[in-house]
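Trainee: Any chance you could fold what I've pasted below:
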Amino acid sequence: MTILHTSRLRLEPLAERHLDGLHEMNRLPEVMRYISGQPETREQTAAAIARAQRCWAAWGTGWWALVERASGRIAGAGCVQYLRKQADLPSALETLQVNPLEIGWRLHPDFWRQGLATEAALRMRDFAFETFDVDELLAVRHPDNEASARVMVRLGMHYRGLESWYGTVVATHALDRRSVSRDTAREP
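Mentor: Numbering: from 1, shown residues only. Below is the predicted model of the structure:
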């Protein structure tokens, strides 16, 4: 399992030690508003960690806890994972590897509007393109989630339209590997 770093964050693959911090975030209605619409119970957060660990074991990627380096506090969670059409994770995870890779994130409200979602997403984007032989990376959001849309724009993603993922209709954005290579080539 891969630990990633940014200037302000350490991205650690989800583990039981993250339960308290993740649940503190996922129990908040404002965090879950556009994800499930319902705050999570502690048991649901623990089950999400177990699912993430299965994904890491099967694919070499999954969900990270976004740990603020200065405080050690969990600022959010982010992922690189395979999208799925159905709401529930199938028992045979390898069947999802025919689907596109997705990048995703959520933050605790204490860390909103600080650029941390973009910072984490840029690092996860680089990880995805460095690690997997894919030409495109997708991100999905609730159609009303404008904050995530702004992060997607900052990543250079383009809006693809409404599509069916996770058993619901979501706004889908895409990023082409070649556009990242061109952007990187222009950096000083």
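Trainee: can you give me the strands for this protein?
Mentor: Assigned by DSSP state E, the chain shows strands spanning 4-5, 9-13, 63-68, 74-82, 101-107, 136-141, 158-165, 168-176.
Trainee: Dump these to a markdown table, plus distance to Asp20.
Mentor: Quick note: C-beta positions are derived from backbone N, CA and C, even for glycine. Shown next, in a markdown table, are the strands of the chain (distance: least, C-beta to C-beta, whole Å):
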| stretch | distance to Asp20 |
| --- | --- |
| strand 4-5 | 22 |
| strand 9-13 | 14 |
| strand 63-68 | 11 |
| strand 74-82 | 8 |
| strand 101-107 | 16 |
| strand 136-141 | 27 |
| strand 158-165 | 30 |
| strand 168-176 | 29 |
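Trainee: so which of those comes closest to Thr95?
Mentor: Closest to Thr95 of these is strand 74-82 (C-beta to C-beta; 9.2 Å).
Trainee: Give me the sheet partners of the closest one and which way each runs.
Mentor: Looking at strand 74-82 with DSSP bridges, its partner strands are strand 63-68 (antiparallel), strand 101-107 (antiparallel).
Trainee: can you list the weak-confidence ranges in the protein?
Mentor: 181-188 (pLDDT under 70).
Trainee: what do you get if the cut-off is 80, keeping everything else the same?
Mentor: 1, 181-188 (pLDDT under 80).
Trainee: and the longest helix for it?
Mentor: helix 42-59 (DSSP state H).
Trainee: I appreciate the help and will end here.
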